[in-house]
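Q: predicted coordinates and the sequence they were generated for:
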Amino acid sequence: MSPNASLRKRRKEDRPAELMAAALDLFVEKGFAGTRLEDVAQRAGVSKGTLYLYFDSKEALFNNVIQEGVIPVLVEGEGIAARHQGSAFELLEKLLTNWWAGIGETGFAGIPKLIVAEARNFPDMARFYYENVIRRGRALIGSALQRGMDSGEFARRDVETTVDLVIAPILMLLILRHAMADGQNGQDNPQHYIALHLDLLRTGLKGSQL
């Protein structure tokens with residue numbers, strides 16, 4: 001294979017990733033409704049026709065962005081849980097910090113705000129995200145909590161409600177960081193925010209049963 005042919009082959013193989021990267025940027029900047037496929041193609045440096053060779057709709061493009069960028073972080077978390085030998089709180093801490101590193105510190109951090117803002121108008125998009133990300137993430141956190149309750153490390157409480165209380169502050173941090181730019185509510189120091197949240201969880205999960 002000639003050098004030019006090899007370069008063209010690599011370019012073609014890289015194109016879906018380039019399109020998804022452009023789509024992620026635009027979804028976060030403009031929202032799902034405000035993102036047009038022609039804008040994605042332009043940002044990726046290809047024609048709209050080329051985009052359609054890989055993705056037949058904006059919904060398919062969004063789904064692939066989630067499958068290739070967000071779901072692998074959940075898979076990594078599931079692997080962490082499967083291998084974990086320490087305390088349940090140490091597992092919970094690993095899961096939350098791993099999720100922050102893989103999502104909160106990346107371009108994917110803007111996706112939760114998009115879902116909250118546009119789920120009602122795009123139910124299929126919201127349903128895909130719920131089934132593939134939210135449900136799976138809740139199960140992962142819930143399993144860590146259940147492990148702690150079964151071992152006696154955590155007080156017994158309603159697991160589903162406790163999952164909400166574990167996740168909600170971090171989701172709010174993401175939403176505020178993408179909705180505001182004034183450095184308030186922990187936005188300017190997310191590591192401190194997360195450390196404080198974990199410290200409160202450490203005490204609260206071991207408290208008396210409610």
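A: Thanks, I have it. For clarity, every value in this text was computed on a predicted model and none was experimentally measured.

Q: how about the helices in this structure?
A: Secondary structure of the chain, counting by DSSP state H: helices at 3-34, 37-44, 48-54, 58-69, 71-83, 88-99, 111-118, 123-129, 135-151, 159-179, 190-205.

Q: by contact count, what packs against the third one?
A: Right, helix 48-54. Other helices and strands packing on helix 48-54, by 3 or more CB pairs under 8 Å, 6 or more residues apart in numbering; DSSP states H and E, are helix 3-34, helix 37-44. Where C-beta positions appear, they are placed from N, C-alpha and C, glycine not excepted.

Q: state the mean pLDDT of the last one.
A: The average of the pLDDT scores along helix 37-44 is 95.

Q: I'd like to know which elements that helix is packed against.
A: Contacts defined by 3+ CB pairs under 8 Å, 6+ apart place helix 37-44 against helix 3-34, helix 48-54, helix 58-69.

Q: export that helix as PDB, just CAs?
A: Extracted C-alpha coordinates of helix 37-44, given in PDB (Å, rounded to 0.1, in the frame of the first residue of the first chain):
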ATOM      1  CA  LEU A  37     -25.800  18.000  11.400                       C
ATOM      2  CA  GLU A  38     -24.300  20.400   8.900                       C
ATOM      3  CA  ASP A  39     -22.600  22.200  11.700                       C
ATOM      4  CA  VAL A  40     -21.200  19.000  13.000                       C
ATOM      5  CA  ALA A  41     -19.900  18.200   9.600                       C
ATOM      6  CA  GLN A  42     -18.400  21.600   9.100                       C
ATOM      7  CA  ARG A  43     -16.600  21.500  12.500                       C
ATOM      8  CA  ALA A  44     -15.200  18.100  11.600                       C
END
